[in-house]
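**Student:** My questions are about this predicted structure, shown below with the sequence.
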Amino acid sequence: MATGGEILRMLCPSGGWVVYGDDFDSIIWDDQAKCTKAQFTAGFAQYDAWKAEQDAKAQTDKVSAQAKLEALGLTAYDLKALGL
C-alpha cells in the first residue's frame, strides 16, 4: 500500500510539502495546498497503476538509451569504464 509521501510525490512532484503520516491533515504545505483532500484520498487507489506506468516508462527509456549507445558502437560497460 502506498504511503502519504508516495501519493504526494505522484500528485505534487515539484514539492512544496512535508508529510508526517498517511492522512491529509498531517501534510504541512510550504505556501498553499497543492492538492485537495479528495485528490489525496483518491490517490491511494490510483497510485499502483501510476507507479506501474512510471516503472514501464523507465524501462522503455533504458532500453531506448541502450539501443542508441549500441548504434554508436558503445555499450553500457564502455560508459561505465569511462566513468559516465
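**Tutor:** Arrived safely, thanks for sending. Numbers count the residues shown, from 1 in each chain.

**Student:** helices or strands up against the least confident helix or strand in the chain by mean pLDDT?
**Tutor:** Ranked by mean pLDDT, DSSP states H and E, the weakest helix or strand in the chain is helix 76-81, scoring a mean of 79. Under the contact criterion of 3 or more Cβ pairs under 8 Å, 6 or more residues apart in numbering; DSSP states H and E, helix 76-81 touches helix 37-71. Where you see a C-beta, it was placed from the backbone N, CA and C, and this is true even at glycine.

**Student:** Figure out how far the helix it packs on is from the centre of its chain.
**Tutor:** Distance, stretch centre to chain centre, for helix 37-71: 7 Å (Cα atoms, centre = their mean, to the nearest Å).

**Student:** L74: which element?
**Tutor:** Using DSSP states H and E, L74 maps to neither a helix nor a strand.

**Student:** So for K34, what's the nearest residue that isn't a sequence neighbour?
**Tutor:** Excluding its sequence neighbours, the residue lying closest to K34 (Cβ to Cβ, 6 or more residues apart in numbering) is C12, at 4.1 Å.

**Student:** What backbone torsions are found at that neighbour?
**Tutor:** phi -130, psi 70 (degrees, to the nearest 10).

**Student:** Number of residues surrounding it?
**Tutor:** Counted with other Cβ atoms under 10 Å, residues neighbouring C12 total 18.

**Student:** for the one 5 residues further on, same thing?
**Tutor:** Here the neighbour count serves as a burial measure; for W17 (other Cβ under 10 Å) it reads 19.

**Student:** Quick check: the gap between D48 and I27.
**Tutor:** D48 sits 21 Å away from I27, taking Cβ to Cβ, to the nearest Å as the criterion.

**Student:** Neighbour count: the two, which is higher?
**Tutor:** A count of neighbours by other Cβ under 10 Å puts I27 above the other of D48 and I27, at 21 against 11.

**Student:** Would you mind confirming that that one is in contact with L8?
**Tutor:** Yes: with contacts counted by Cβ atoms under 8 Å, I27 reaches L8, the gap being 7.0 Å.
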